[in-house]
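Chemist: just coords:
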């Protein structure tokens, strides 16, 4: 009986306008971008990006002048011929995010690691010259 796919689609229709549109154009409109948190302290700029299901071979971290380019491509899992699929949402995914780094970023010391589905990038800051005191007393002669 084919009641299950219809019932599942009816449950999720109010939340996802593309659920019943299984056309290639509808799939292209559902572009996925991983969430990113960016934090800065005195020593570095930290980026944390959620990339669940990606491994380090799926992700490319490039630097184009002062532009940090993060790309990922995730392949579809192997199809099984047994059984009938009622819903298949986990397919090939790709993303590209770009971030302009400030001029005080030390571009040759950027480090990246991937752990538990989170890509962590550390961008150290260059040593900045200490500003001179802005207040100075002038002796009257």
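Modeler: Right, received. Where do you want to start? The structure presented is a predicted model; accordingly, all values stated were derived computationally and were not measured.

Chemist: just the helices in the protein please.
Modeler: Secondary structure of the chain by DSSP state H: the helices cover 3-12, 24-29.

Chemist: from residue 36, how far off is residue 140?
Modeler: From residue 140 across to residue 36, the span is 56 Å (Cβ to Cβ, to the nearest Å). For glycine as for every other residue, the C-beta is placed from the backbone atoms N, C-alpha and C.

Chemist: equivalent analysis for residue 124, please.
Modeler: 19 Å.

Chemist: report the contact partners of the residue nearest to the spatial centre of the chain.
Modeler: Of all residues in the chain, the one closest to the mean position by Cα atoms, centre = their mean is residue 34, 3.5 Å from it. Residue 34 is in contact with 49-51, 72, 95, 97, 119, counting by Cβ atoms under 8 Å, 6 or more residues apart in numbering.

Chemist: swap in 6 Å and give it another go.
Modeler: 49-51, 95 (Cβ atoms under 6 Å, 6 or more residues apart in numbering).

Chemist: quick one: which of these is nearest residue 114?
Modeler: residue 51 (7.3 Å; Cβ to Cβ).

Chemist: end-to-end on stretch 38-58?
Modeler: 22 Å (Cα to Cα, to the nearest Å).

Chemist: quick check: buried residues in it?
Modeler: Buried residues in stretch 38-58, counted by 16 or more other Cβ atoms under 10 Å: 44-45, 47, 49, 51, 54, 58.

Chemist: hmm, who's touching it?
Modeler: 34-37, 72-74, 114, 117-124.

Chemist: now, of those, which are buried?
Modeler: Buried among these by 16+ other Cβ under 10 Å: 34, 72, 74, 114, 119, 121, 123-124.

Chemist: confidence score at residue 2?
Modeler: We have a pLDDT of 45 for residue 2.

Chemist: I'd like the numbering to begin with 32 instead of 1 from here.
Modeler: Renumbered: residue one is now 32, and that last one reads residue 33.

Chemist: residue 101 - nearest residue in space that isn't next to it in sequence?
Modeler: The shortest distance from residue 101 to any non-neighbouring residue, by Cβ to Cβ, 6 or more residues apart in numbering, is to residue 128 (4.7 Å).

Chemist: any idea how far residue 164 is from that neighbour?
Modeler: Distance of residue 128 to residue 164, computed by Cβ to Cβ: 41 Å.
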